[in-house]
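>>> Build me a model from this:
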Amino acid sequence: MSKEILDKYPELATEGLPTIKQRLEIANPAVVEMAKEESLACIKERGRPAEDITHIVYVSSSEIRLPGGDLYLASQLGLKSDVSRVMLYFLGCYGGVTGLRVAKDIAENNPGSRVLLTTSETTILGFRPPNKARPYDPVGAALFGDGAAAVIIGANTVINKESPLLELNYAVQQFLPGTQNVIDGRLS
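Numbers count the residues shown, from 1 in each chain. Predicted coordinates for the structure are as follows:
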């Protein structure tokens, strides 16, 4: 959130006004831009061409549109038009870890594949104007800020061409029965 955004969209600072359209006008391009910056840095650090990427797993709880951010991101990165894309929307806090699990499964089951996992989030969808009745809102804003991350995942390292940073041996997802209402998020 910035003064420029609030000047352009003053309704965001007024409690109770419908603002989902305005929020998505901000969020949709912003999360792809952040994801692009992180992905480009990741590809550069790897030292191999972007064309080596065979799959993209894109994780975000901050945008809603069709086509999704995965298509915009793949295009802006210059990935091949036949890159396999997976969108993981609205997973919340466990999105990044789910992305790792999905990317690991893709890499292990598609010999020679290189999977770009990118996550990108902005807090604009959940932004609420300051309110004395909700003194805890600044805590959420302090804990969850805008950000993006990217990593390239593969199996069967190509000797003398790749230098893996770490190895992911095992990934599991498990839920605790009766906890599905602990966090409740709705788009309205």
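>>> Tell me which helix or strand comes right after the lengthiest helix in the chain.
Counting residues, the longest helix found in the chain (DSSP state H) is helix 20-46. In the C-terminal direction, the helix or strand that comes right after helix 20-46 (DSSP states H and E) is strand 55-60.
>>> Can you tell me which helices and strands that next one packs against?
For strand 55-60, the elements it packs on are helix 20-46, helix 69-77, strand 84-89, helix 95-109, strand 114-121, judged by 3 or more C-beta pairs under 8 Å, 6 or more residues apart in numbering; DSSP states H and E. Where C-beta positions appear, they are placed from N, C-alpha and C, glycine not excepted.
>>> Quick one: residues contacting Ser39.
73, 77, 116, 118, 150 (C-beta atoms under 8 Å, 6 or more residues apart in numbering).
>>> thinking the third one is in contact with Cys42, fair?
Yes - at 7.2 Å, Leu116 counts as touching Cys42 under the criterion of C-beta atoms under 8 Å.
>>> Just give the closest residue to Ile53, not the sequence neighbours.
Leu116 (4.8 Å; C-beta to C-beta, 6 or more residues apart in numbering).
>>> Tell me what that neighbour is bridged to.
Note on Leu116: beta-bridge partners Ile56, Ile152, judged by DSSP bridges.
>>> which residues touch it?
The contact partners of Leu116, taken as C-beta under 8 Å, 6+ apart, are 39, 42-43, 53, 55-57, 77, 79, 150-152.
>>> what about the residue nearest to Glu15 when sequence neighbours are not counted, neighbour count?
Closest residue in space to Glu15, ignoring its immediate chain neighbours: Pro129 at 5.5 Å, by C-beta to C-beta, 6+ apart. Pro129 has 13 neighbours, counted by other C-beta atoms under 10 Å.
>>> Any figure for the gap between Pro129 and Glu11?
Distance, Pro129 to Glu11, by C-beta to C-beta, to the nearest Å: 10 Å.
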